[in-house]
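J.: Predicted model and sequence follow; I will ask about them next.
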Amino acid sequence: MRLEETDNTASTNTPRSRRARTRRTWWVAGAALLVGATVAVVVVIVSGASSNNLSGTLINGTNYTIGPNASLAGANLAGADLRGANLSGANLRGANLAGADLRDTTFTGASLRGANLAGSVLDGSTLERADLTGADLTAATINNVNFTGAKLIGANLNASYLTFSVFTSARLDGMICPDGTNANAHFGNCTNHGI
(Lines give C-alpha, C1' and ligand atoms only; values in the text may rest on other atoms or scores of the structure.)
Protein backbone atom coordinates (compact mmCIF):
# COMPACT_ATOMS: atom_id res chain seq x y z
CA MET A 1 0.00 0.00 0.00
CA ARG A 2 1.33 3.44 -0.85
CA LEU A 3 0.64 6.53 1.23
CA GLU A 4 1.26 10.05 -0.03
CA GLU A 5 1.32 13.35 1.78
CA THR A 6 1.15 16.74 0.07
CA ASP A 7 2.20 19.79 2.04
CA ASN A 8 1.30 23.29 0.88
CA THR A 9 3.84 25.34 2.82
CA ALA A 10 3.00 28.79 1.44
CA SER A 11 0.48 31.06 3.10
CA THR A 12 -3.08 31.28 1.86
CA ASN A 13 -2.37 34.81 0.50
CA THR A 14 0.20 33.47 -1.99
CA PRO A 15 -1.09 32.95 -5.54
CA ARG A 16 -1.70 29.25 -6.23
CA SER A 17 0.92 29.06 -8.98
CA ARG A 18 3.68 30.15 -6.56
CA ARG A 19 2.81 27.85 -3.65
CA ALA A 20 5.61 25.53 -2.68
CA ARG A 21 4.55 21.90 -2.70
CA THR A 22 6.26 18.97 -1.09
CA ARG A 23 5.18 15.43 -1.83
CA ARG A 24 6.47 12.51 0.20
CA THR A 25 5.77 8.87 -0.57
CA TRP A 26 5.98 5.93 1.83
CA TRP A 27 5.42 2.23 1.31
CA VAL A 28 3.52 0.52 4.09
CA ALA A 29 5.51 -2.57 4.97
CA GLY A 30 3.07 -4.19 7.35
CA ALA A 31 -0.30 -3.56 8.95
CA ALA A 32 -3.03 -5.38 10.86
CA LEU A 33 -6.81 -5.17 10.84
CA LEU A 34 -8.45 -6.50 13.98
CA VAL A 35 -12.19 -6.00 14.36
CA GLY A 36 -13.63 -5.83 17.88
CA ALA A 37 -10.27 -6.22 19.64
CA THR A 38 -8.35 -3.91 21.95
CA VAL A 39 -4.69 -4.14 20.98
CA ALA A 40 -1.69 -1.97 20.29
CA VAL A 41 -1.23 -1.93 16.52
CA VAL A 42 2.16 -1.14 15.06
CA VAL A 43 2.41 -0.08 11.43
CA VAL A 44 5.92 -0.07 10.05
CA ILE A 45 6.43 2.60 7.41
CA VAL A 46 9.59 2.39 5.36
CA SER A 47 10.32 5.74 3.73
CA GLY A 48 11.54 5.48 0.16
CA ALA A 49 11.47 1.66 0.00
CA SER A 50 10.26 -0.15 -3.05
CA SER A 51 7.49 -2.71 -2.71
CA ASN A 52 9.97 -5.48 -3.63
CA ASN A 53 12.34 -4.94 -0.70
CA LEU A 54 10.46 -4.43 2.54
CA SER A 55 13.28 -3.86 5.04
CA GLY A 56 12.20 -3.78 8.66
CA THR A 57 8.85 -5.46 8.01
CA LEU A 58 7.01 -6.25 11.25
CA ILE A 59 5.19 -9.58 10.98
CA ASN A 60 3.87 -11.47 14.00
CA GLY A 61 5.86 -9.22 16.33
CA THR A 62 9.26 -9.70 14.64
CA ASN A 63 11.15 -7.38 12.27
CA TYR A 64 12.23 -9.08 9.02
CA THR A 65 14.16 -7.92 5.99
CA ILE A 66 12.09 -9.10 3.04
CA GLY A 67 13.89 -8.99 -0.32
CA PRO A 68 16.28 -10.80 -2.65
CA ASN A 69 18.69 -13.18 -0.88
CA ALA A 70 16.96 -12.57 2.48
CA SER A 71 17.81 -14.93 5.32
CA LEU A 72 14.40 -16.05 6.64
CA ALA A 73 15.11 -19.64 7.70
CA GLY A 74 12.55 -20.70 10.32
CA ALA A 75 10.78 -17.31 10.18
CA ASN A 76 7.14 -17.10 11.28
CA LEU A 77 5.45 -15.40 8.31
CA ALA A 78 2.07 -17.11 8.81
CA GLY A 79 -0.74 -15.06 7.30
CA ALA A 80 1.68 -12.41 5.96
CA ASP A 81 0.76 -10.29 2.93
CA LEU A 82 3.84 -10.56 0.71
CA ARG A 83 2.11 -9.91 -2.62
CA GLY A 84 4.59 -8.97 -5.33
CA ALA A 85 7.67 -9.36 -3.11
CA ASN A 86 10.98 -10.37 -4.68
CA LEU A 87 12.39 -13.25 -2.65
CA SER A 88 14.80 -14.52 -5.32
CA GLY A 89 17.58 -16.55 -3.74
CA ALA A 90 16.07 -16.18 -0.27
CA ASN A 91 16.63 -18.80 2.42
CA LEU A 92 13.16 -19.78 3.70
CA ARG A 93 14.09 -23.25 4.99
CA GLY A 94 11.52 -24.36 7.53
CA ALA A 95 9.73 -20.99 7.40
CA ASN A 96 6.05 -20.83 8.37
CA LEU A 97 4.13 -19.22 5.48
CA ALA A 98 0.82 -20.92 6.29
CA GLY A 99 -2.11 -18.87 5.00
CA ALA A 100 0.22 -16.22 3.55
CA ASP A 101 -0.78 -14.14 0.52
CA LEU A 102 2.08 -14.79 -1.90
CA ARG A 103 0.39 -13.73 -5.14
CA ASP A 104 2.82 -12.57 -7.84
CA THR A 105 5.81 -13.20 -5.55
CA THR A 106 9.17 -14.15 -7.08
CA PHE A 107 10.97 -17.09 -5.44
CA THR A 108 13.47 -17.79 -8.26
CA GLY A 109 16.29 -19.96 -6.85
CA ALA A 110 14.92 -19.67 -3.28
CA SER A 111 15.19 -22.47 -0.72
CA LEU A 112 11.82 -23.41 0.76
CA ARG A 113 12.94 -26.84 2.02
CA GLY A 114 10.51 -28.05 4.68
CA ALA A 115 8.59 -24.75 4.59
CA ASN A 116 4.94 -24.67 5.67
CA LEU A 117 2.88 -23.13 2.84
CA ALA A 118 -0.40 -24.82 3.83
CA GLY A 119 -3.41 -22.74 2.81
CA SER A 120 -1.24 -20.06 1.18
CA VAL A 121 -2.17 -18.29 -2.07
CA LEU A 122 0.56 -18.50 -4.73
CA ASP A 123 -1.36 -17.29 -7.80
CA GLY A 124 0.93 -15.83 -10.48
CA SER A 125 4.13 -16.55 -8.51
CA THR A 126 7.45 -17.65 -9.95
CA LEU A 127 9.27 -20.57 -8.30
CA GLU A 128 11.79 -21.31 -11.07
CA ARG A 129 14.65 -23.45 -9.75
CA ALA A 130 13.25 -23.13 -6.20
CA ASP A 131 13.87 -25.98 -3.76
CA LEU A 132 10.57 -27.05 -2.18
CA THR A 133 11.84 -30.45 -1.00
CA GLY A 134 9.52 -31.65 1.78
CA ALA A 135 7.45 -28.45 1.70
CA ASP A 136 3.82 -28.55 2.86
CA LEU A 137 1.48 -26.98 0.29
CA THR A 138 -1.65 -28.69 1.62
CA ALA A 139 -4.81 -26.82 0.55
CA ALA A 140 -2.74 -24.08 -1.12
CA THR A 141 -4.17 -22.12 -4.06
CA ILE A 142 -1.74 -22.51 -6.96
CA ASN A 143 -2.89 -20.87 -10.22
CA ASN A 144 -0.59 -19.81 -13.07
CA VAL A 145 2.56 -20.61 -11.08
CA ASN A 146 5.89 -21.26 -12.80
CA PHE A 147 7.71 -24.26 -11.25
CA THR A 148 10.21 -24.67 -14.13
CA GLY A 149 13.25 -26.58 -12.85
CA ALA A 150 11.95 -26.57 -9.27
CA LYS A 151 12.51 -29.42 -6.79
CA LEU A 152 9.26 -30.65 -5.25
CA ILE A 153 10.75 -33.91 -3.97
CA GLY A 154 8.48 -35.21 -1.21
CA ALA A 155 6.39 -32.01 -1.24
CA ASN A 156 2.77 -32.34 -0.14
CA LEU A 157 0.18 -30.76 -2.47
CA ASN A 158 -2.74 -32.77 -1.09
CA ALA A 159 -6.07 -30.91 -1.40
CA SER A 160 -4.38 -27.95 -3.13
CA TYR A 161 -6.23 -26.08 -5.87
CA LEU A 162 -3.85 -26.30 -8.82
CA THR A 163 -4.51 -24.95 -12.32
CA PHE A 164 -2.56 -23.65 -15.34
CA SER A 165 0.85 -24.06 -13.70
CA VAL A 166 4.12 -25.00 -15.44
CA PHE A 167 6.26 -27.92 -14.19
CA THR A 168 8.79 -28.16 -17.04
CA SER A 169 11.92 -30.03 -15.85
CA ALA A 170 10.63 -30.00 -12.24
CA ARG A 171 11.59 -32.88 -9.89
CA LEU A 172 8.42 -34.44 -8.48
CA ASP A 173 9.83 -37.65 -6.92
CA GLY A 174 7.66 -38.75 -4.01
CA MET A 175 5.46 -35.65 -4.25
CA ILE A 176 1.91 -36.03 -2.94
CA CYS A 177 -0.48 -35.00 -5.73
CA PRO A 178 -3.53 -32.76 -5.12
CA ASP A 179 -5.77 -35.85 -5.14
CA GLY A 180 -3.68 -37.47 -2.35
CA THR A 181 -1.87 -40.01 -4.51
CA ASN A 182 1.93 -40.32 -4.72
CA ALA A 183 3.65 -39.05 -7.90
CA ASN A 184 5.87 -42.16 -7.90
CA ALA A 185 2.77 -44.27 -8.62
CA HIS A 186 2.26 -42.20 -11.79
CA PHE A 187 5.77 -42.47 -13.28
CA GLY A 188 7.02 -39.39 -11.43
CA ASN A 189 4.21 -36.98 -12.25
CA CYS A 190 0.65 -36.09 -11.26
CA THR A 191 -0.91 -35.75 -14.71
CA ASN A 192 -4.62 -36.53 -14.33
CA HIS A 193 -4.18 -36.54 -10.54
CA GLY A 194 -4.62 -32.84 -9.92
CA ILE A 195 -2.04 -31.48 -12.37
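T.: Received, thanks.
J.: Low-confidence regions, this structure specifically.
T.: 1-58, 60-61, 186-189, 192-195 (pLDDT under 70).
J.: Break it down into its structural domains.
T.: 1-49, 68-195 (automatic domain parsing).
J.: so residue 105 touches residue 81, yeah?
T.: No. At 10.4 Å, residue 105 does not count as touching residue 81 under the criterion of Cβ atoms under 8 Å. (C-beta placed from N, C-alpha, C; glycine too.)
J.: neighbour count winner among those two?
T.: More crowded of residue 105 and residue 81, by other Cβ atoms under 10 Å: residue 105, with 27 against 18.
J.: Spit out the contact partners of that one.
T.: 82-87, 122, 125-126 (Cβ atoms under 8 Å, 6 or more residues apart in numbering).
J.: Equivalent analysis for residue 71, please.
T.: 65, 90-91.
J.: Residue 116 now?
T.: 78, 95-98, 135-136.
J.: In JSON lines: those residues, plus neighbour count.
T.: Below are these laid out as JSON lines (neighbours: other Cβ atoms under 10 Å):
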{"residue": "78", "neighbour count": "17"}
{"residue": "95", "neighbour count": "27"}
{"residue": "96", "neighbour count": "20"}
{"residue": "97", "neighbour count": "29"}
{"residue": "98", "neighbour count": "20"}
{"residue": "135", "neighbour count": "29"}
{"residue": "136", "neighbour count": "22"}
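J.: Find the pair from these with maximum spatial separation.
T.: Largest separation among the contacts of residue 116 by Cβ to Cβ: 78 and 135, giving 14.5 Å.
J.: about what we covered before: among the contacts of residue 71, which lie within strands?
T.: residue 65 (DSSP state E).
J.: Can I get the buried part of the contacts of residue 71 as one ChimeraX selection?
T.: Here is the ChimeraX command that selects the buried residues among the contacts of residue 71 (16 or more other Cβ atoms under 10 Å):
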select :90,91
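J.: Of the contacts of residue 71, just say which sits nearest to residue 149.
T.: So of these, ranked by how close each gets to residue 149 (Cβ to Cβ), first place is residue 90, at 16.7 Å.
J.: in what helix or strand does the nearest residue to residue 184 once chain neighbours are set aside lie?
T.: With sequence-adjacent residues excluded and distances taken as Cβ to Cβ, 6 or more residues apart in numbering, residue 184 is closest to residue 174, at 5.8 Å. Assigned by DSSP states H and E, residue 174 falls within no helix or strand.
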